[in-house]
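Participant: after the sequence you'll find the predicted model.
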Amino acid sequence: MPTTSADSSSSSSNSTGPWDSKLQQFHGGQEWAYLDNFVEDFSVTTNAFGMPESGKQAAVESVQHGHHYPPADQEPAKTSLARFLWPAGFESERNRLILGNGASELIDLVIRMAPAGTWKPGPFRTQYKEYERSARNNNFELLSSDSAAKANVACLVNPCNPTGDYLELSEVKQWIEANVLPSGYVLIDESMQPWHSPEFRDHSLVGQREYVQRLYRENSISVFVVHSWTKLWCCTGLRLGSVVCPTADHMRDIKKLQVPWSVNTVALAFLGAVVSDDVYLRKTWQSTSAWRSQTIARIAELFPQWVFYGRPFLSWIWVDTGSEETAQKAVDCARAAGVPVRSGRQGYSLPSFIRIAVREPSKVDVLIDALKAV
């Protein structure tokens, strides 16, 4: 339950809250617990429709089995996710798939087993920072996004959280071939790709097995496609991620490093239910773009000088307010009204920016009223 802001330093404008700034990478999604007047969390990029009822019910029912260990092979949830990713031919693909305790666990495992040397991010101004954190912890030399050098390990977040940049499939392939050394690893994070449309699979590397295997066969370049499922199905507290590996041998290499029972019984039951919840996905595709457009229009009416970034299908809006002071004021006003937004200061070092989640209109009403005080 929420506690009063006086109970925690998390309410401070520049605080990293419960995060140990010397050891951990800052993320949004923590402030809600310290707000007595909490209404909605606009600081995270989760689905505006919240946790699917189908998954919630399955998760609750699974608690009765909490006195048993989860299945060591992650089944049948893993096969259910494989069927979601590859509706046709999942049987021949699932041996390349592995689940994890959020994408963060799998990101770290893949980078730990990657060839030593240099690490490089995607071509955007910034991106989700867990890749960089893991590279630092594993003593990689960090290259800048605009470096002309190819790297031993490259990580592209596409669509890019937080900037909203997006590369089409052909551009992703060009980027890989221009930025990864032979025998290198490349991690492509497609966590936000399913928002694209009902045809999201046609725009994903998940379905490009022939291309991925050719890269590995001809250049020994290993392509890993990463998903954090906690965003699409709004289950950040359950921790669910997956990696599609270039080969089954790569999957087994990850499994060798992964601690047993990494994904718990509740999360596996949740996943097994939501992958077949077509109604939830249809709602997501039908409403997200419209709500995003409406939110931008309402904020732009108040602040015509603010600049909004990101593809229309995305579950968030990346906003340049024009000044560090204005952005901080927006963060403070939103928090005070119980609708926290994500500052671009912590983690991204872009203090004039804020990130605002797409949410249903009645919740946006509260945010708009809060921003009028900026």
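Facilitator: Alright, I've got the coordinates. Numbering: from 1, shown residues only.
Participant: going forward, measure contacts between C-alpha atoms and count neighbours the same way
Facilitator: Fine.
Participant: ranges for the helices of the stretch 101-250 of the chain?
Facilitator: 102-112, 130-137, 169-179, 209-219, 229-232, 248-257 (DSSP state H, counting those that start in this stretch).
Participant: what's the closest of these to residue 285?
Facilitator: helix 229-232 (10.9 Å; Cα to Cα).
Participant: which helices and strands does that closest one pack with?
Facilitator: If contacts are counted by 3 or more Cα pairs under 8 Å, 6 or more residues apart in numbering; DSSP states H and E, helix 229-232 sits against helix 102-112, strand 241-244.
Participant: can I get the ones you listed in a markdown table with mean neighbour count?
Facilitator: Output for the helices and strands packed on helix 229-232, formatted as a markdown table (neighbours: other Cα atoms under 10 Å):
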| stretch | mean neighbour count |
| --- | --- |
| helix 102-112 | 21 |
| strand 241-244 | 25 |
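Participant: I'd like the ones you listed as CSV, with distance to residue 272 and mean pLDDT appended.
Facilitator: Formatted as CSV, the helices and strands packed on helix 229-232 follow (distance: least, Cα to Cα, whole Å; pLDDT from 0 to 100):
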stretch, distance to residue 272, mean pLDDT
helix 102-112, 15, 96
strand 241-244, 13, 98
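Participant: that's a helix at residue 84, yeah?
Facilitator: Yes. Counting by DSSP: H, G, I helix; E, B strand; the rest coil, residue 84 is found in a helix.
Participant: ok, the residue nearest to it when sequence neighbours are not counted - contacts?
Facilitator: Closest residue in space to residue 84, ignoring its immediate chain neighbours: residue 275 at 6.0 Å, by Cα to Cα, 6 or more residues apart in numbering. The contact partners of residue 275, by Cα atoms under 8 Å, 6 or more residues apart in numbering, come to 80-81, 84.
Participant: before we move on, back to that, pick the most deeply packed of the helices of the stretch 101-250 of the chain.
Facilitator: Compared across these, helix 229-232 shows the largest average neighbour count, a mean of 23 (mean count of other Cα atoms under 10 Å).
Participant: returning to what we had before: just the buried members of the contacts of residue 275?
Facilitator: For the contacts of residue 275, a burial check counting by 16 or more other Cα atoms under 10 Å picks out 80-81.
Participant: any idea how far the closest residue to residue 192 other than its chain neighbours is from residue 120?
Facilitator: Spatial nearest neighbour of residue 192, excluding adjacent residues (Cα to Cα, 6+ apart): residue 159 at 5.9 Å. The spacing between residue 159 and residue 120, counted by Cα to Cα, to the nearest Å, is 17 Å.
Participant: so where's this structure uncertain?
Facilitator: 1-29 (pLDDT under 70).
Participant: nearest to residue 184, of the contacts of residue 275?
Facilitator: residue 81 (27.3 Å).
Participant: residues touching the closest one, list them.
Facilitator: If you count contacts by Cα under 8 Å, 6+ apart, residue 81 has them with 271-272, 275.
Participant: dump the contacts of residue 275 into CSV; add distance to residue 163 as well.
Facilitator: Formatted as CSV, the contacts of residue 275 follow (distance: Cα to Cα, whole Å):
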residue, distance to residue 163
80, 31
81, 28
84, 27
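Participant: just the contacts of residue 275 now: which is nearest residue 252?
Facilitator: residue 81 (17.9 Å).
Participant: so which of the helices and strands packed on helix 229-232 is nearest residue 174?
Facilitator: Closest among those, once you apply Cα to Cα, is strand 241-244, at 19.8 Å.
Participant: how near is residue 336 to residue 72?
Facilitator: Relative to residue 72, residue 336 is positioned 45 Å away (Cα to Cα).
Participant: so which of these two has more stuff around it?
Facilitator: Just comparing residue 336 and residue 72: by other Cα atoms under 10 Å the higher neighbour count belongs to residue 336, 17 against 11.
Participant: can you pull the phi/psi pair for that one?
Facilitator: phi -60, psi -30 (degrees, to the nearest 10).
Participant: same deal with residue 342?
Facilitator: Per-residue torsions, residue 342: phi -90, psi 120 (degrees, to the nearest 10).
Participant: and it, what is it in contact with?
Facilitator: Contacts of residue 342 by Cα under 8 Å, 6+ apart are 28, 42-44, 331, 354-356.
Participant: in strands, which of these appear?
Facilitator: Among the contacts of residue 342, the residues falling in strands (DSSP state E) are 354-356.
Participant: quick one on the thing from earlier: does the residue nearest to residue 192 touch residue 190 like I think?
Facilitator: Yes. Counting by Cα atoms under 8 Å, residue 159 touches residue 190, with 6.6 Å between them.
Participant: got the contact list for stretch 138-157?
Facilitator: Contacts of stretch 138-157 (Cα under 8 Å, 6+ apart): 111-112, 114-125, 127-128, 131, 135-136, 178-190.
Participant: buried ones among these?
Facilitator: Neighbour counting by 16+ other Cα under 10 Å classes 111-112, 114, 116, 118-124, 127-128, 131, 135, 179-190 among those as buried.
Participant: who's in contact with residue 313?
Facilitator: 195-197, 285, 288-289, 292.
Participant: now, the most widely separated pair of these?
Facilitator: Spanning the widest gap among the contacts of residue 313 are 197 and 292, at 14.7 Å by Cα to Cα.
Participant: good, we can wrap up now.
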